[in-house]
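> What would the 3D arrangement of this be:
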Amino acid sequence: MPFSKEILTGSSGQAGFYNGVATQSLRFNDGNAHKLTRDYTGSSPDNNKKMTISVWVKRGNLSTGTTQVIFASYDAVRFLGELAFDSSTDKLRFDPGGEGDGASDSHRVQTTSLFRDVSSWYHIVLAYDSTQGTNTNRVKLYVNSVQQYLEAGSGQSFPPENYAHTYSYAGANNTIGEFGASFNDGEFDGCMSEFNFIDGIALDPTSFGEDKNGIWIPKLYTGSYGTNGFRLEFKNTSVGSGSSTTIGADTSGNNNHWTSSNIVADDCNMPDCPENNFCTLNPL
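Predicted coordinates:
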């Protein structure tokens, strides 16, 4: 991300520079196992072969032998899929899971780039469309609007054509900030802001951000969220069971609210955000 006065001073740096979309964040502390959870017990996804994840993240502690999960899916007994920072390399990795697929990590892909900057916000967009005939077009991952080169690890592969993901189908559960299920690890450390999940549509970053004077900034998403989609603005300070008044409130209109665990009011509605980036000491 380019160095600029706007990044240093945030929304007050230049009147009208930002769009007022991502003005607060939720803080995750890996030592306290902060997480948000939601169980899918009802509606089937609009299309379990397509989805988009868009979220702004600012890292705190880097991975030191522990994967840091942004978004994961699981059922009652096993982990299914993940979007996460790798435990040893700090690369971004993604696994669609696969409905009914018990082969863990068999379709995992990862970036060749490392993401170790703890002083800036990353805008991460994951577009999944397994209907594409070319395997490398089925998963597209962007960071600050730049499409990342992806590779499959040893014994792994890009998902097969028409492969169903597990992030929004009835019977799976989702976690933000941890693996979930019986996997009580993978804790994310840092802040997240403006989290959007689009059910049944694969989109590029221009739906959620725009370039302004060489700076990639948040933009309000105005399209459809689909049946199981959601938008988390992290504006509230109440915690606990998911509702329109707690930190996991879905403001997409779908009322797909999230329940928080181990998060307290002091972690909510943080002023450090993509539109007002606070100075941070770099542990490196």
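
> How about the contacts made by Leu92?
Contact partners of Leu92, counting by C-beta atoms under 8 Å, 6 or more residues apart in numbering, are Leu83, Ala84, Phe85, Asp86, Gln110, Thr111, Ser113, Phe115, Ile124, Leu141, Val143, Gln148. C-betas here are computed from N, CA, C, even on glycine.

> quick one: the last one and Tyr142 touch, right?
Yes - using C-beta atoms under 8 Å, Gln148 is in contact with Tyr142, at 6.7 Å.

> Please flag which of the contacts of Leu92 sit within strands.
Per DSSP state E, strands hold the following members of the contacts of Leu92: Leu83, Ala84, Phe85, Gln110, Thr111, Ile124, Leu141, Val143.

> what distance separates the start and the end of stretch 195-203?
Start to finish, the residues bounding stretch 195-203 are 14 Å apart (C-alpha to C-alpha, to the nearest Å).

> Ok, stretch 96-115 next?
End to end - C-alpha to C-alpha - stretch 96-115 spans 21 Å.

> How about stretch 153-164?
End-to-end distance (C-alpha to C-alpha), stretch 153-164: 20 Å.

> Just the buried residues of it, please?
In terms of neighbour count (16 or more other C-beta atoms under 10 Å), stretch 153-164 has its buried residues at Gln156, Phe158, Pro159, Tyr163, Ala164.

> now do stretch 17-34
So stretch 17-34, judged by 16+ other C-beta under 10 Å, has buried residues 17-19, 21-30, 33-34.

> Give me the distance between Thr37 and Gln147.
Using C-beta to C-beta, to the nearest Å, Thr37 is found at 30 Å from Gln147.

> So which of these two has more stuff around it?
The neighbour count for Thr37 versus Gln147, taken as other C-beta atoms under 10 Å, is higher for Thr37 (20 against 13).

> Could you pull out the helices in the stretch 1-150 of the chain for me?
5-9 (DSSP state H, counting those that start in this stretch).

> Low-confidence ranges, it, go.
Scanning the stretch 1-150 of the chain for pLDDT under 70 picks out the ranges 1-15, 41-42, 76-79, 98-105.

> Fine by me, thanks again.
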